[in-house]
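Chemist: sequence first, then the predicted structure:
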Amino acid sequence: MDRWRIRGGARQAVEAAGAETTLTVQGSRSRSEGWKSLAFIALLLFSVLIGLALLVTLIIDALVEGSSRLNLDLLTNFPSGVPERAGLQSAIFGTLWVIGGMIVTMLPVGTGAAIYLEEFANPDRWYNRLLEVNIQNLAAVPSIVFGILGLGLIVRGPLSLGSVAYAGSLTLTLMVLPTVILASREAIRSVPPSLRQGSMALGATRWQTIWHHVLPNAIPGIATGTILAVSRAIGETAPLLLVGATVFVTFNPDGPLSEGYTTLPVQIFNWVQRPQDEFRVLAAAGIIVLLVVLLAMNSFAIWLRNRYQRPM
Amino acid sequence: MRRARRRRYALLVASAAVVVGGVAAGCGGGGDAIRIDGSSTVGPLSEAAAEQFQAEHHVPVTVGTSGTGGGFAKFCRGEIDISDASRAIKDEEAAACRDNDIAFEELTVANDGLSVVINPDNDWAQCLTTEQLKTIWDRGSDVDNWSQVDPSFPDEPLELFGPGTDSGTFDFFSEAINGEGGRQRSDYNNVGEDDNATVTGVAGSTGGMGYLGFSFVQENADKVTAAAIDGGQGCVAPGIETVQAGEYAPLGRPLFVYPSGDAVARAGVHRFLEFYIDENDAIAGQALLIPLAAGQREAAKQQIEALAGAVGGAETTE
C-alpha cells in the first residue's frame, strides 16, 4: 500500500522535472539554432512521407491492378479454381470469426496481465522481472514460431482443439498478447496517481479504485493497443497455414469451433502462387477487401474508444 | 452517472458472453466434409475436383496446401481424409501411418512435365541433354556462363532461377538430374514457393534459365520457352502427349493423392475419388495439368476398389 503511494509520488516528481526541462530547452533556444530545428522538422516530415508514400504506392498499385475484379461477385462467391468465378465469401467470414475470437480472448487476458504488472506486481521480485523481460522478448518472436506452438499446444497436444477457427484465434492471441500487454500497461500507467489516491482517500478498496477509476480512464489506450494487435493479426498467413487454415472452402464457418475455414491473407497468398495472371488480379482485389475489413474493424475500435473517452 | 458506466461495462461483458457462448455452441460444423491437405502443386487439381464434384453432389470438400510433407504428417495422424502429394510417400511417413493403423493407397491423379525454361531470345539451348543440366545444376558447380556448358554456346552469362529447398519440385528435379534428392548447387536465385518469380527472372535475362511445373509454361508461353530435354533417347519437348506416353524422361512426373482406408469406406469419399478419375480430363484441364493416360486411369480405378474392398474385408473379420 505504502509503496503504491510512494511510487505515485515519485512519478509526479519525475513529471514535474520533465516539465521543467522542456521549459529550459525552450528558453535557451537562440536565433542561430532556429535553422537547426527547422531542419529537424523537415527531417521528421521526410520520415513520415517515406512511410506514407510507400503505403499510397501499394494501395494505388493494388487498386489499379485489382479494380477490374472489385465487384459484388468477389464478396459473395466462394473460392474457385476458375478465376472468373472465384470469390472471397468464406474468407471474409473466416477472417471475422478468427479475428473476433482473438479479440475476445486477448482483451481480458491482456488487460488482466497489464493490471497485475502495473498495480499489483512488486518489481523487486525476481519472477516479476522475469515476466517483464519475457513479455518484451516475446514481442520480437517471428509469427511462424507461434504457428508451430499453436500446432503443438492448441491444435494437437494438451488442448487438442483440432484445426478449428478458434485454434487460429488462440494462436494469433499468443502472438499479439505482448503488444496488447505493453500498450495496456502504458495506458494504465498514464492514469494520474492523484485519481487513485482520491479514490482510496474516499474509502474505496483497491479493486473498486481499479475497476471504477483506473480502467475506464485507460480504455482509450487499451483500445489503441487492440487496434495495433488486430492490424498485425489480420494480415498473418504463416501461423494460420500451420494451424490448419485451408485454401478451398465453399461454406462459411458456423461458429468458432467449426472445422474447415480460410482467411483473407491465406486466400490472397494462394492466388498469388497460381500460374494464371487472372489470379493475380484477384489477389490485388483481395488486398483491397482485406484493407477495407481492417479499416472497418479499426473504425469500430476508434468509435468505441471515443465513446469511453471522457475529459478528466 | 454510475449506472451509465455500469451499463457500458454490461454491454462489453454481454458482447463477450455472446461470443464465448458461440464457442461452446459451435461444435460439429462441417463434420461430414472430405478433408484434403498437402502439396501446393496438387492443390489446384484437388480444388478443381472438389469444385466440380460439389456442383453435382452435396458433400462439402475442403482443400489445404500445407506441403507434401505437412500433408502426410496430418494424414498419418488421421486428421485428414486424403493427402495430396507431388512425390511418393517416404518410408518413415509410411511407418507413421502403419503405427496409427491407417491404410492407404497411392493414386496417380494427373501428370506434370517439369519444364526447364529459357529466354525466348535463347536460340542455342533449345535442346539440352541431362548431362548438360547436371553440369549446370550439380552441387559444387561453378558454371556461370553458357560457353562453359558447351563450347559451341555463346559467351553469355548464365542466370539460374529455381524453387526453394522445401519444394517437392526441387526434390524431384535434383533427384532426376543430379541423382540424389536435395543435391543441387546453392548459388542460384532462390524464388521460394513463388514460381512466377522464375518466369519474370528468365523473361528478363537473355542467359536466364530456371525450372518449374508445366502449368507455368502453358500460361507464360509468350514470356519463356520450354527447352526440349534429351535423356538419351533424343530431344523431347514437354507436352501432353509426350508426358502421357512417358517419353518426356526423366522430368515427367506423376502427381498423387493418398486416400485412407477409413475415408474410402465412406460413400461420399468413395464417390469423390471415382469422380476424380472419371472426370480427369476436365479436372486436370482446369488445373492446367496433364490428364491421366487411359492405362493410368484403369489402374487408379482398380486401386480405389482394392482399397475399399480391403477395408470392407477387415471390418467383416473384426
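Modeler: Nice, I can see it.
Chemist: closest point of the stretch 201-312 of chain A to chain B, which residue?
Modeler: residue A:255 (1.9 Å; C-beta to the nearest C-beta). For the C-beta atoms, the positions are set from N, CA and C on the backbone; glycine is no exception.
Chemist: that residue in helix, strand or coil?
Modeler: When classified by DSSP: H, G, I helix; E, B strand; the rest coil, residue A:255 comes out as coil.
Chemist: can you give me the distance of it to residue A:98?
Modeler: Distance of residue A:255 to residue A:98, given as C-beta to C-beta, to the nearest Å: 12 Å.
Chemist: ok, those two, which is more surrounded?
Modeler: Ranked by neighbour count (other C-beta atoms under 10 Å in any protein chain shown), residue A:255 and residue A:98 place residue A:98 first, with 31 against 20.
Chemist: and for that one, nearest residue in space, chain neighbours not counted?
Modeler: Excluding its sequence neighbours, the residue lying closest to residue A:98 (C-beta to C-beta, 6 or more residues apart in numbering or on different chains) is residue A:168, at 4.5 Å.
Chemist: for the helix or strand that neighbour falls within, packing partners?
Modeler: According to DSSP states H and E, residue A:168 maps onto helix A:165-189. Where contact means 3 or more C-beta pairs under 8 Å, 6 or more residues apart in numbering or on different chains; DSSP states H and E, helix A:165-189 is packed against helix A:89-115, helix A:126-138, helix A:143-150, helix A:215-234, helix A:238-242.
Chemist: now with 10 Å, please.
Modeler: helix A:89-115, helix A:126-138, helix A:143-150, helix A:215-234, helix A:238-242, helix B:2-25 (3 or more C-beta pairs under 10 Å, 6 or more residues apart in numbering or on different chains; DSSP states H and E).
Chemist: take these and write them to CSV, including mean pLDDT and distance to residue B:306.
Modeler: CSV is the format used below for those (pLDDT from 0 to 100; distance: least, C-beta to C-beta, whole Å):
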stretch, mean pLDDT, distance to residue B:306
helix A:89-115, 94, 35
helix A:126-138, 91, 51
helix A:143-150, 93, 37
helix A:215-234, 91, 46
helix A:238-242, 90, 33
helix B:2-25, 49, 42
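Chemist: count of residues packed around residue B:203?
Modeler: Using other C-beta under 10 Å, residue B:203 is surrounded by 18 other residues.
Chemist: double-check that residue B:155 belongs to a strand.
Modeler: No - per three-state DSSP, residue B:155 lies outside any strand segment and is coil.
Chemist: for the residue nearest to it when sequence neighbours are not counted, grab the count of nearby residues.
Modeler: Spatial nearest neighbour of residue B:155, excluding adjacent residues (C-beta to C-beta, 6+ apart): residue B:147 at 4.8 Å. Applying other C-beta under 10 Å, we find 15 residues neighbouring residue B:147.
Chemist: one more: residue A:42?
Modeler: Using other C-beta under 10 Å, the number of residues around residue A:42 comes to 10.
Chemist: residue B:200 too?
Modeler: Residues near residue B:200, counting by other C-beta under 10 Å, number 18.
Chemist: most centrally placed residue in chain B?
Modeler: Nearest to the mean C-alpha position of chain B, counting by C-alpha atoms, centre = their mean, stands residue B:41 at 2.4 Å.
Chemist: so is it in a helix, a strand, or just coil?
Modeler: coil.
Chemist: now do the contacts for the nearest residue to it once chain neighbours are set aside.
Modeler: Leaving aside its chain neighbours, residue B:41 sits nearest to residue B:86 (4.4 Å; criterion: C-beta to C-beta, 6+ apart). Contact analysis of residue B:86 by C-beta atoms under 10 Å, 6 or more residues apart in numbering or on different chains lists B:38-43, B:67-68, B:71, B:112, B:114, B:167-169, B:171-172, B:213, B:253-256.
Chemist: try 6 Å
Modeler: Applying C-beta atoms under 6 Å, 6 or more residues apart in numbering or on different chains, we find residue B:86 in contact with B:39, B:41, B:42, B:68, B:168, B:255.
Chemist: and the stretch 101-250 of chain A, which residues reach chain B?
Modeler: Counting by C-beta under 6 Å from any C-beta of the partner chain, the residues of the stretch 101-250 of chain A close to chain B are A:104, A:241, A:246, A:247, A:248, A:249.
Chemist: how about 10 Å then?
Modeler: Listed as neighbours of chain B in the stretch 101-250 of chain A under the rule C-beta under 10 Å from any C-beta of the partner chain: A:101, A:103-105, A:107-108, A:151, A:155-156, A:162-166, A:169, A:211-212, A:215-216, A:219, A:241-250.
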